[in-house]
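Novice: Generate coordinates for the sequence data below:
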Amino acid sequence: MKHVILSAVALLMAGAAWAQDIQREELRRADVPGSDTMEVVVTRLTVPVGATIPLHTHPGDEHAIVMTAARAEAPNGNIVEFAVGTPLYFPEGQVHGGLTNMGDEPMVAITTHVVRKGEPLTVLAN
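Specialist: All right, here's what the predicted structure looks like:
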């Protein structure tokens, strides 16, 4: 069953921008075969125009594919262009995010997280 989720940690710590604007729709959640402690979570991440993805980490690796052409501003002010199909990888513990959607349309990515069960999917960076 599809349903929209927002990480409880993100809701509590990221403030209004994450909770009101950015949507993470869970598409699938399954155990990693042969593991009692790891699971795979596939989501559709939608970032509206002007919204900023908070700096964060995950309790495991994240792989993503950009589904819409996107233009974003990095925390250092640089503009980053993403073509449709751009692959992204963030290993466990690597702080990432901080991008603000500067395009004319929502940014959409399909994310696949291989994470420890029972931990928040997203942990905000200090």
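Novice: In the protein, what residue spans correspond to strands?
Specialist: 3-5, 23-31, 38-47, 56-57, 60-66, 70-73, 79-82, 87-90, 100-101, 107-116, 123-124 (DSSP state E).
Novice: Deepest-packed of those strands, please.
Specialist: Mean neighbour counts were taken over the strands of the chain using mean count of other CB atoms under 10 Å, and the top value, a mean of 21, falls to strand 56-57. Just so you know, the C-beta spots here come from the backbone N, C-alpha and C atoms, and that holds for glycine as well.
Novice: Grab the most central residue of this structure for me.
Specialist: Nearest to the mean C-alpha position of the chain, counting by CA atoms, centre = their mean, stands Leu45 at 5.8 Å.
Novice: wait, that residue sits on Glu62?
Specialist: No - in terms of CB atoms under 8 Å, Leu45 does not count as a neighbour of Glu62; the distance is 10.1 Å.
Novice: Quick check: neighbours shared by the two?
Specialist: With contacts taken as CB atoms under 8 Å, 6 or more residues apart in numbering, Leu45 and Glu62 have Thr111 as neighbours in common.
Novice: any low-confidence regions in this protein?
Specialist: 1-20 (pLDDT under 70).
Novice: residues near Val49, how many?
Specialist: Val49 has 14 neighbours, counted by other CB atoms under 10 Å.
Novice: show me the contacts for it.
Specialist: So Val49 contacts Asn101, Met102, Gly103, Asp104, Glu105, Pro106 (CB under 8 Å, 6+ apart).
Novice: among those residues, who's most crowded?
Specialist: When neighbours are counted by other CB under 10 Å, Asn101 leads these with 22 neighbours.
Novice: Surely it and Gly50 touch.
Specialist: Yes - the pair Asn101 / Gly50 is scored as a contact, 6.4 Å apart, by CB under 8 Å.
Novice: Can you give me the neighbour number for Thr52?
Specialist: Other residues close to Thr52 by other CB under 10 Å number 19.
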